[in-house]
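Participant: Below are the sequence and a predicted model for it; my questions follow.
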Amino acid sequence: DVKVTQSSRYLVKRTGEKVFLECVQDMDHENMFWYRQDPGLGLRLIYFSYDVKMKEKGDIPEGYSVSREKKERFSLILESASTNQTSMYLCASSPTGLKLFTQYFGPGTRLLVL
Amino acid sequence: GDSVTQMEGPVTLSEEAFLTINCTYTATGYPSLFWYVQYPGEGLQLLLKATKADDKGSNKGFEATYRKETTSFHLEKGSVQVSDSAVYFCALSDQTDKLIFGTGTRLQVFP
């Protein structure tokens, strides 16, 4: 059974803290993605990675960075958390070739920045 | 750029009612189209997809037909159940492995 796990379901941080969100997939997928989900805005792509150590900016990369040192793990980093980064963060992975395959999502991390 | 527009919710229905959630898209190429569902407290999961014009995707009683002439991919189900209560997202993929999502439509089904 395919599985994407995220390190925390709920997280509370203070403004200015450095925050790490971890995502692990066990399907040997090439692609991994980080989205944020906000009411009325749907899912917006922050960053994605199509291979180890490779990354590309999505639609809203400002204030975020990512790291992919191993194929199965993709980390999202908030260098200095701000209140406008309070959101639901979703990780996904997929094989190459979306016409044939799909993206598999983790359960999400709900982050509150105070 | 490419985009997806879907009807705002919430959509509120009684059990066994007919469901339609509208989705239209704008794309320069020939995208694949998807419906994802998010049950309370969970991540998204693929509900159905279609990869070319006139394809019909179906799963769990839900259907959607890829209509190139109207650039639409409306989600339908003949008889909804309380367990269908969730948020539904329409999405497209162009020639890359990235998805572009609509804003989501919340469905609430009451007994």
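Facilitator: Happy to help now that I have it. Numbering: from 1, shown residues only, chains lettered A, B, ... in the order given.

Participant: residues near the residue in chain A that chain B sits nearest to, how many?
Facilitator: Across chain A, the shortest distance to chain B (CB to the nearest CB) belongs to A:Phe105, at 3.5 Å. (Each C-beta comes from the backbone N, C-alpha and C, glycine too.) For A:Phe105, the neighbour count with other CB atoms under 10 Å in any protein chain shown is 23.

Participant: was I right about it contacting A:Ala92?
Facilitator: Yes - with contact defined as CB atoms under 8 Å, A:Phe105 reaches A:Ala92; the gap is 4.7 Å.

Participant: per-residue confidence at A:Leu41?
Facilitator: Model confidence at A:Leu41, given as pLDDT, is 89.

Participant: Would you confirm that it contacts B:Thr103?
Facilitator: Yes - the criterion here is CB under 8 Å, and A:Leu41 meets it with B:Thr103 at 6.2 Å.

Participant: and the residue of chain A closest to chain B, how far is that from B:Ala50?
Facilitator: The spacing between A:Phe105 and B:Ala50, counted by CB to CB, to the nearest Å, is 20 Å.

Participant: now do A:Gly106
Facilitator: For A:Gly106, the distance to B:Ala50 equals 25 Å [CB to CB].

Participant: List the contacts of the closest residue to B:Lys49 other than its chain neighbours.
Facilitator: Using CB to CB, 6 or more residues apart in numbering or on different chains and skipping the chain neighbours, the partner closest in space to B:Lys49 is B:Phe34 (4.5 Å). Counting by CB atoms under 8 Å, 6 or more residues apart in numbering or on different chains, B:Phe34 touches A:102, B:46-49, B:90-93, B:99.
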